[in-house]
Structures are given as structure tokens and as C-alpha cells.
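J.: model the structure of this input:
(chains A and B, ligands or ions: 1)
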Amino acid sequence: MYPRPFEYRAVTTVDEALRVLHEVEDGKVLAGGQSLLPLMKLRLASPGVLVDISGIPDLSYIRPQGENAVEIGSLTTHDTVAHSALLQERCPILPAAARGIADQQIRNRGTIGGSSCHADPASDLPPTLLALDAEFSIVGPKGSRTVPAKEFFVDLFETQVQRDEILHHIQVPTLGPQWGWSYTKFNRREGDYPIVGVAILVRLDSHGRRLEEVRIGLAAVNPTPCRARAAERFLQGQEISPAILKEAAHRSTEGLHPGSDMHGSSQYRRDMVQVFVRRGLEEAVTRARLAGGNP
Amino acid sequence: MSAARTSPRSVAVPAPAEGTGWVGKSIPTKESVRFTTGHGSYLDDVKLEGTAHIALVHSPYAHARIRSIDVKEASAMPGVLAVYTGEDIRKLVDPFMQLAPPPADKVLDYPLAVEKVRFVGEPVAVVVARDRYLAADAAEMVQVDYDVLPPVMDAESAASPSAPILHEAIGTNRVWDGVYEYGDVDGAFAQADLVIQEKFHYHRFNSAPLELNAALASFDRRTGELTLYTNNVMPMFCMPLVASSLRLPSDRIRVIVPDVGGSFGNKINSFPYMVLVSVLSMQLGRPVKWTELRSEFLAAGTHGNERTFQIEAAVRKDGTLLGLRGEAFDDTGAYARYEPAGAVIWAQVAFSMYRHKNLRLHFHSVFTNKCPVGPNRGYSRAQHLFLYERIMDRIADRLGLDRGEVRERNFVRADEMPYQAPNGTVLDGGDYARALHRVQEMLDLPSLRAQQKALRARGRYLGVGIAAALDSAGNNFAQVRVINPHLPFSGNSESARVWMDMMGRVHVAMGPTNQGQGHETMASQIVAHELGLNPEDVHALPGFDSHSHPYTGHSGAYASRTAVMGGGALLGAARELRRRIQVIAAHLLKTAPEDILLEKGEARSRRTGNALPLSVIGGVALGNSLELPLDMDTNLSVTYVYRPPFRIPSHVDKKGNFTLTYSYQVHGAVVEVDPETGKVHLRRYVAVDDCGNMINPAIVEGQVIGAAVHGIEAALLCEAKYGADGQLLASSFTDYLCATSLDVPPVEVEHFITPSTAGPMGVRGVGEGGGTALPALAAAVEDALSPFGVTFQDSHLTPERIQSAMRGRAPTVPSPP
Ligand SMILES: Cc1cc2nc3c(=O)[nH]c(=O)nc-3n(C[C@H](O)[C@H](O)[C@H](O)COP(=O)(O)OP(=O)(O)OC[C@H]3O[C@@H](n4cnc5c(N)ncnc54)[C@H](O)[C@@H]3O)c2cc1C
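T.: Coordinates of the predicted model:
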């Protein structure tokens, strides 16, 4: 509860943030503080300088990028994502995942950028962004670059964002009417980090019978949020049936090495991935059929 | 404690007749206003000039020898005033008195670990610094070198002779062990149609009060007096321990308890920390404060007693329980700080609510490398009651009978009340079967069964669990003599002082500390009722201060005792003050004292109707006293000690009246279990409670709901779980999962009122709830999953535990209700 000593710098522009991060040796970006501050209080993290970016006005927004995408500023809070009409219309899986994060107080402060950069494999947004093939725009001393989701998450608590960079915004695609989705968070208590989290996107053919494309993002089962690629490949082009979904669920644990804790052993987490991939696929398919007029 | 009057014997007083009828009214608790508007004053709100703060260095190992501690670097850190190790403290204080008989009385227990550490989180050194941050910085620099030893992580293996020993001085891990035998147990088993064998485990958890332990000591070198601010809720019982450890006469210690943010028993074991800050204050000559961290509380505060039962039940074909026999292993953790009291406290409810006569339980209290245990809502009884409820379910299931019917067959009947159980405890009234029926009605059992059947056909699993329990209150301390006949404790008592000032205003103070239960309101109601006042017009002193509050050695808020014990004292004091007011008023109004009625703040002659406001009585008695004859008592301050008529139980046959009153409750839970994940969804929760006459029904309802929720979260969410290596897995609120309002449906409560045959005003203590939710939920989950034929032996049901029990099982054909 008592962090080690640190210096605090509040910045008001991206440039200022980058300058300070460049100047100081052990600076760390502070956004909503909902992951960093608890770690500091437990003395598991002890940055020398906190560079508070939460006062930068132009990093909090959700806006359309043409017809096919939405851009989300990194300081956009979970609560804002959860209630965004634009996202609800174009990319409803993201608000659904954001709604289940923690409690209202935390959703009021925690940001999509913070959640992404923190890269806790048990978080709700990263597997969802992974399933969405989101793009992450990073700014740093050498300018800006865009990194696809599948490269963004590097390791446990590690992303492509370097110490002197900040994540500027995230771009997610507009999901057309042939898409269905589901986000399932399984936990023991409302609002907790998931024991397993499963983000699913499916695209059906025009009859609602065949799976054209499937993307499955998983939380809390590997050192990074990950995709169940084997199951995705298996499902692609398949005619939908209970047996197929069950088989896909079975394959979804391929390559997973979930850790154990008191809420779920590795084996239990694997079992739960299977349960929730199957249920999530059913839910996503039902949604896609409703949206595509093929209930 | 001047002018203490002792009641000769218990008075089973009926609900008060005279007065304005404040007893029994659901008035809002007056202290809630300050608590809910941010004006409570808790321990950390007490600020003294020049206070130093401490940070503790904790053991990262469950069991290890301390080779060396290097404090050089830490001592040189900025703002550090001193660093003390266990060895340093050992030279300054005496070890804590032990309750256990030999050899466990030889255990050396100090505020900091000496020579060895015996659980993860045990404090080994302390840094005193100018502020809390600097103290924490320096604590990280204390270097401790350990020789790691194998830990002992469960009570059964700890009891085996080959186990590593925690306390070499006693050569065993046994704290206490003894056999309780009542009736003809072997005879009962000889008559049995069926013998059921089971093993049950009651897990470790505590009740997570919002405010954690804290203490602030201020030693005045001028007067030699120590002022000890604490949120310990049994401070005057702890005082002999604290004083003797500090080698201070008790008249040099003033104890102050400010507002307390919950305890549920968990704060009783804080005395090592009270001694620690006190000795540091005496050493440094300045106030020293400690406020516990949540992680410290979880690792080194108090856990409830973890207990394992190996049990056999002798049963007749019709479901009658004839006898129980077996072993109980109580895992008391690394030190016996309140233990082995738990080895006898359970005997208050030895036979639970049931009529059977034969019980033999070999009880073992054992040291393990875990956090010391201590009182936790339902202390030591909830474990035993869990055993009974699960046995009743087993009897029913094995005989194909209805679980409710089996309870009914075995319940003590209403026409047998008051009922003396075979160990001498007396159940003081109630109708257990009727409460069970009412819960069944509230749940609408037949329609639930129909719903259950319909859902099962669709692969959904609904279950109903009903459990009953006692809530014993006002314990007879002499029961500890069953475990150690030389202990100087017996009986129970409580003290209250009611006084009137010159302006006719009435004040009240009593021994029990308020942890949020509404003591100030309840005291005001009783006093207002007796003196014809409004509760708002009675000033109840907040908190506790040994310089201003009356107390006895039993004083405190524990074991659901305040309504009964405090109530008795308040009633006695208020009635005596009323009598004195009547005498004075009668003189002034020229009538007889019996003619004086106290009503609406006045003393009135019933005969003439003439009246005097109480301000005149106070003014005359205390300031204008020559208006009264010199031989008239003008002392308007009454201290009264209430003392129930207990006897000392025999330590040979272990029989006696262990407790004064027994509330009871029946709870019903409706759950839906996801058979694939093992997750339990609590759909409905109902409770019927009977605590006799209620002083304030709204407060009772709060207690019933609170106890139910604590039980629900214990069953489904909270577990102080350790790994095999002795690490505490639930080391923060990330893993120690307290229920939130999203996890618990509204608890639907109904009250029965069967006045107690033993408690003053017909009141029974209420507040612990007997842990009824734990067996109710275990029963509900089993009922839901009955098509799969799974049973559970543990009081804690995690999704994984349920799911793994289900693995490989398929449901049988939808079973009949
Ligand atoms: C009790 C509790 C429960 C929670 N439960 C959940 C849950 O169920 N599901 C869930 O997903 N999350 C949960 N969280 C985490 C929450 O979502 C956090 O808000 C989120 O993980 C971090 O966002 P933040 O804005 O608070 O980041 P901060 O804590 O401020 O920062 C987190 C990390 O990201 C870095 N960072 C932040 N923003 C940027 C940026 N723009 N550029 C570069 N680096 C950056 C920081 O330097 C830091 O390393 C919970 C948190 C708490 C306290």
C-alpha cells in the first residue's frame, strides 16, 4: 500500500510526453492508473518518474475512419467504450467486452490504451482486439508506426510499445451484417479478471449455413492474449453443426499452456476454454443469423 | 467501577411493561449517521503529535530457522528511528500467557518471531520511522537469513509423531486433545440399522472487516501511563495479557477504543500488535502507530478454525439419529492465541438442535504452519453445526427419505423446551420444526420441485438446500476449564452505567465495544424505555474508554453477547436509576415512590397528575441538594453488573451450562449449477430466525442478513488457501474473493419470536448466524447435481472442485423429486 518514492510529471501534449520520456531514465506512462498504481502499491513496480498523460485532451475519442473502421484514442475509458453508439453499431463486441471489466469506478478511469499496453493476458480487451485484427498506432521519438494486433502483444506484460513511446490510438474494423460475435468472460465473482475469456467473431455465408471466417481470441490461457488458430482453420468453410462446433472447441486448446492458480488449474482452464469456445460459437452464429436475416 | 451492584441471579424478565415502549421498535441506528456521512472516527483517525509509524518485516517462509537478521542498512535509512528484531523485543516483554495445559503451555509466543518463523507473513522485525512510507522503504532493507524447514500444512499429518515439530520446547504439535463422551455411544451403534461413515472438511476463511487491525500507543514518561488506542473488541479481557507481557501494572494502562469498522471476532487476536506498539512507545518515548495492511490481515490476522471430521453416525431405518462418534482435527495454525478455546466452544452446540443422546468426539487441536486461528463469526460452533447438517442430509439420502423430514424427526420439539441437552446445555425455547416448515413455504417447495424437474429435462440443474443452526450467545467462561482446569475464568458478566446530569440529561456507557452493530441505539432504546425518554434524548457514549466506561473482565463484543449481557446490565442500571429518581420525585411531589411514573421526560404522580421535568430532579439532586433530606441518596449514577447464573462445568465429565441463550435459524438456498463449469448461481436465499424478543428488529435483520452473506461468500468465494509449500495463495483481495452485491440475491428474512426462557427481557443473542449458509449451499449444490450422484465433503465449493467431481459422470434419468 506504500509505493517506493517516485517523481510525478503531468503532461498536456503528446510531444511533451515524448520529450519527458526521452529525458528521464526510468519514466513510465500513467494513464488511468488502474493497473500501474496497484502494482506500485504492492512495490511490484517502482518507476522513477510517472509521466501522467491522462491530461492530454486529444487522446480520448472514438471516431469513424471512413465506412470500414473506427479509431479509438488510447485514453478512451472502458466506460466510454462500453457506451459508444458508434462502436455499438460498427463493432459491438468491443463495448460488450468493456462492460464486463471490473466495476464502474475502474471503468471510469481505466483506458483502452492502458489495458493494451499493460498486456495482462487475463484482461478482456486484448483478446478482443486480437480477434478484431485491430491496428495499434504508436508514436515515439522516431515518429509513428502502426503495428497489427498479432504482433503487438510480445510477451507477458510486454508489447511493441517501447519505453520512450506511447500508444496513440487503436483502429478496429466495422463488422458487416454477415458477422456474428460473442464475448464470454468466465469468473467466480462478477467483475473479476476472467479465469478464461473468449472473444469470437464469425462471418457466415449469405444462407447462414457455412462459416466463411472465424476468429477466436483467448484471455488468461497463455503468457499473452492469443488466437485459437487451429480451431479457426478447422472451422473455415465448414457447414455449421453441433458436432463441428464441438470439434472446434476441442481443437481450441491446441498449443495452449495455461498456468494454474487457486481459481483454476491448467487442466480446468483448458476444459473451460472448450466449454466457452463451443458456447461462444453458438452465440456468435445465432447473432450472425439474426443479423443476416437467417434465424 | 464504583457502586457496582450485582444481580443475585438471572432474572428472566418479561418484555418490559412500563415506559413508552421503545424496546421492540425498529428505529434507525443513531450512530449510522456519522458512519455513513464520513464522520466516524476510527483508529487511524486518531492523530497524536509526534507519532512514529511502523512497518513490519514478514516471513516469506512457512517454517524456517532465523539464522541472522541484518538491520544495519535499514537503520541508516532516512527518517528511521529504530529497528527491532524478535530477539530485541524478547528482552523487553514477557511471552504471552498460554491457555493450553501442559505441555503446550510452554510455547513461547512473542509479538515478533524469535529463533524461528512458523507461518508465511509472521512478523520478524519492525522498523519505526517518521512516516509510513519511510518505514516501508527501510523494511525492505532488513536482511533476514533463513534455514528453511519442511512445513506442516494439515492438522491430521501434524498430529502424527513423524511430523516436523513447530515448537521444539513442547516436543509435539498437539495444542490439546481430549475425548468428549456423552451417553451410551457404543450402545447406540449396537442398535443402529445403518452406520454412515463420512469425512468432512470445514475450510479456512475469515470475515474481512472493512477496517483492519490497528493500534496506537502513547507512553507518557512523566506519569508512567500508557494510553493504548486499539480496535480490539475484547480489550479488557486482553488487558491482563498485555499488562503482564509489558510488565506494567494495569493501573498504568488506559485503553481507548474509538469507532470500530467491523470485527466479526477477527480483531480479538490483535494483542501481539498492541504489545508491540506499546513497548516501542515506551522505548522511544513517543506515540507509535500501526495500521494493518489488507495483505497483512489476510496472512497474519486471524483465520477461522479449519476443522476436519472423521465421523460415524448410527441411524435407525426411520431416520432417527442415535449417535455420533469420531474425531475432529482443529488446525489452529502456528500459535495458540485464543486457542485451544475452540476445542471446547463447539460443545455449546454439541448436539446442535437434535434430540439424540449419544456423542463421542475425540477432539485434537493441532499446530500447523499457517496463520493462527481465532474467533470468526460462528466461532468453533459453525464448524460443528456444519457437521450436523451434512449428517442429516446424508441420513436422508442414504435412506431415501426427505432431507427436511429427517431433520423434523430429530429436532428437539417445542413442547420439550427449555430442553437440556445431554451435556448440560439448555436450549431456551423455540419451535425448530415450524421454522423449517416456514422456510419450505417461503420457498414454495412443491413448485420448486416441479421447476427442477422441468429444467433437468433441458439439461439445467436447479437445487434446493435447507439447513438449520443455533446461534449461542452469552458463553460461560468456565467451559475453558474443560480444557485446562487451572484457568482462572468462569461465568460471564457485563457492566453498564446510566447516569443523569444536573440538567436532567441521561447518559449511558457500557463495556461492550461497538463495531457497527448499533450498540448506541440499542442502549438508548433500553434506557429510554425504562426512563420514559426518547432514544434520541439518551446520550450513549461512543466507543470505549477504560477511564469512563464501566467494564468487567468479560466485557467486549464477541459471541453475540451484547443484547443479552449488555442488555441485562443496561436494564439493571436503568431500573435502579429509575428507582432513585422516583424516590427523589416522590419527596418533591409529596407522594410515594410507587406513585411516580416516568414519561415524556417527566416524573409524574399518577394520583395527582402533578409532574416535574427530569431537569428539576437532576438539578435538585446534584446542585440544590439541601432540598432533599440528608439521608436520601442523591447519587444519580448507577453502575450495574449483570451476571447470569452459570455453574462451573465439570472438567471430568465435560458437562455444564456452557451458554445462556440459543437463537436458531433455518436458511433455504436455491441454486443453479452449471454442470460443465461447476459454477454455482445463487438464485434465492431465505432465512427464518428466532432470537426471542427483539430490542430493535431492524438491527436483528441486519445481523441475520450479514451473517447469511458472510456464510454465502465463505461457501462459494472466500478461502484462505495455502499451497503445499506453505505459501498463502489468497494473499490479497485479488484472490480472497469477498462477495459483492452482485453475487448475492436479496436475503428474504422472517422472524419468529419465542421469548427466551433464560435471557433478560426474553432476548436471545443474535449475530453470528451459526454459519447456516455453508451447509445450506452444500446441500443445494448436491441437490442440484443429484442426477449425477455427486456428494461434497467440503464447506467450500469452487467451480473447479464441482466440475472435477462431475468429470466423467452422466446424469441419470431425471430423478423423482
Ligand atoms: C480491481 C481491479 C479489477 C480489474 N478487473 C479487470 C478485468 O476484469 N478485466 C480487465 O480487462 N481489466 C481489469 N482491470 C484492469 C483495468 O482494466 C485497467 O484499467 C487496465 O488494465 C489499465 O488501464 P489504465 O488506463 O488504468 O492504465 P495504467 O494503469 O495507467 O497503465 C498500465 C500500463 O500501461 C502503460 N500505458 C498506459 N497507457 C499507455 C499509453 N497510451 N502508451 C504507452 N503506455 C501506456 C503504463 O505505463 C503501464 O505500464 C482491473 C483493475 C483493477 C484495479
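
J.: how near is B:K600 to B:V538?
T.: Distance of B:K600 to B:V538, given as C-beta to C-beta, to the nearest Å: 14 Å. Backbone N, C-alpha and C define where each C-beta goes, glycine included.

J.: between these two, who's got more neighbours?
T.: The neighbour comparison of B:K600 against B:V538 (other C-beta atoms under 10 Å in any protein chain shown) goes to B:V538, with 25 against 13.

J.: so the chain: which segments form each domain?
T.: Just going to use chain A. Domain assignment of chain A by automatic domain parsing yields the ranges A:7-52, A:61-173, A:180-291.

J.: wrong one, chain B
T.: Split by automatic domain parsing, chain B gives B:43-149+B:213-291, B:493-642.

J.: out of the ones you listed, which is closest to chain A?
T.: Checking those against chain A by C-beta to the nearest C-beta gives domain B:43-149+B:213-291 as the closest, at 4.0 Å.

J.: is any residue of the closest one near chain A?
T.: Yes - for domain B:43-149+B:213-291 and chain A, the contact criterion (C-beta under 8 Å from any C-beta of the partner chain) is met by B:A55, B:R132, B:Y133, B:A135, B:A136, B:D137, B:E140.

J.: the helix or strand hosting the third one: what's the following helix or strand?
T.: I take that to be B:Y133. Element membership of B:Y133 [criterion: DSSP states H and E] is helix B:132-139. Using DSSP H and E, the helix or strand that follows helix B:132-139 towards the C-terminus is strand B:143-148.

J.: ranges for the strands of chain A?
T.: Taking DSSP state E, the strands of chain A run over residues A:7-10, A:27-30, A:49-52, A:62-65, A:69-73, A:135-140, A:143-148, A:153-155, A:158-159, A:166-173, A:179-186, A:196-204, A:211-219, A:226-227.

J.: which one (most neighbours) among the residues of domain B:43-149+B:213-291 next to chain A?
T.: Of these, with other C-beta under 10 Å as the count, B:A55 tops at 28 neighbours.

J.: which residues does that residue contact?
T.: By C-beta atoms under 8 Å, 6 or more residues apart in numbering or on different chains, B:A55 lies in contact with A:Y2, B:V126, B:V127, B:A129, B:R132, B:A135, B:A136, B:A138, B:A139.

J.: if we go to 7 Å?
T.: B:A55 makes contacts with B:V127, B:R132, B:A135, B:A136, B:A139, as judged by C-beta atoms under 7 Å, 6 or more residues apart in numbering or on different chains.

J.: B:V680 and B:G723, how far apart?
T.: Taking C-beta to C-beta, one finds B:V680 at 24 Å from B:G723.

J.: and these two? which has more neighbours close in?
T.: Set B:V680 next to B:G723 and count neighbours by other C-beta under 10 Å: B:V680 wins out with 25 against 13.

J.: before we move on, back to that, distance to A:I93 for the domains of chain B - can I get that in JSON lines?
T.: Conversion of these to JSON lines gives the following (distance: least, C-beta to C-beta, whole Å):
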{"stretch": "domain B:43-149+B:213-291", "distance to A:I93": "41"}
{"stretch": "domain B:493-642", "distance to A:I93": "43"}
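
J.: show me what the helix holding B:Y133 is packed up against.
T.: Counting contacts by 3 or more C-beta pairs under 7 Å, 6 or more residues apart in numbering or on different chains; DSSP states H and E, helix B:132-139 is packed against strand B:52-58, strand B:123-129.

J.: spatially nearest residue to the residue in the stretch 201-350 of chain B that the ligand sits nearest to (excluding sequence neighbours)?
T.: Residue of the stretch 201-350 of chain B nearest the ligand, by C-beta to the nearest ligand atom: B:R294 (12.4 Å). Excluding the flanking residues, the one nearest B:R294 by C-beta to C-beta, 6 or more residues apart in numbering or on different chains is B:F733, at 6.1 Å.

J.: over to B:E748?
T.: Of all residues not flanking B:E748 in the chain, B:V686 sits nearest, at 4.5 Å (C-beta to C-beta, 6+ apart).

J.: element containing the residue of chain B found nearest the ligand?
T.: Relative to the ligand, the nearest point of chain B is B:T734 (7.3 Å; C-beta to the nearest ligand atom). Using DSSP H and E, B:T734 sits within no helix or strand.

J.: what about it, neighbour count?
T.: Applying other C-beta under 10 Å, we find 13 residues neighbouring B:T734.

J.: and A:A98, how many neighbours does it have?
T.: Neighbour count of A:A98, defined by other C-beta under 10 Å: 26.

J.: so where's chain B uncertain?
T.: Under the criterion pLDDT under 70, the flagged ranges of chain B are B:1-20, B:813-817.

J.: flag every residue of it that's near chain A.
T.: Residues of chain B found near chain A (C-beta under 7 Å from any C-beta of the partner chain) are B:132-133, B:136-137, B:293, B:676-677, B:717, B:721, B:729-730, B:735, B:737, B:740, B:742-743, B:799-800, B:803.

J.: buried ones among these?
T.: B:132-133, B:136-137, B:293, B:676-677, B:717, B:721, B:730, B:735, B:737, B:743, B:799-800, B:803 (16 or more other C-beta atoms under 10 Å in any protein chain shown).

J.: pretty sure B:F200 contacts B:L385?
T.: No - with contact defined as C-beta atoms under 7 Å, B:F200 does not count as touching B:L385 (11.5 Å).

J.: quick one, which of the strands of chain A is packed in tightest?
T.: Greatest average neighbour count among the strands of chain A goes to strand A:196-204 (a mean of 28), per mean count of other C-beta atoms under 10 Å in any protein chain shown.

J.: just checking: what are the partner strands of that one?
T.: Strands that pair with strand A:196-204, judged by DSSP bridges, come out as strand A:179-186 (antiparallel), strand A:211-219 (antiparallel).

J.: hmm, the first one in reach of the ligand?
T.: Right, the one you point to is strand A:179-186. No - Strand A:179-186 lies out of reach of the ligand by C-beta under 6 Å from any ligand atom, never closer than 7.2 Å.

J.: what of the longest one?
T.: No - remark: strand A:211-219 sits outside contact range of the ligand, by C-beta under 6 Å from any ligand atom, the gap being at least 7.8 Å.

J.: contacts for that strand, please.
T.: Residues from elsewhere that reach strand A:211-219, judged by C-beta under 7 Å, 6+ apart: A:121-124, A:126-128, A:130-131, A:194, A:196-205, A:225-228, A:231-232, A:235-238, A:240, A:252, A:273, A:277.

J.: get me the contact residues on chain A for the ligand.
T.: Checking chain A against the ligand by C-beta under 6 Å from any ligand atom, the hits are A:28-36, A:38, A:74, A:101-102, A:106, A:109-111, A:113-115, A:117-118, A:123-125, A:161, A:166-167, A:191-193.
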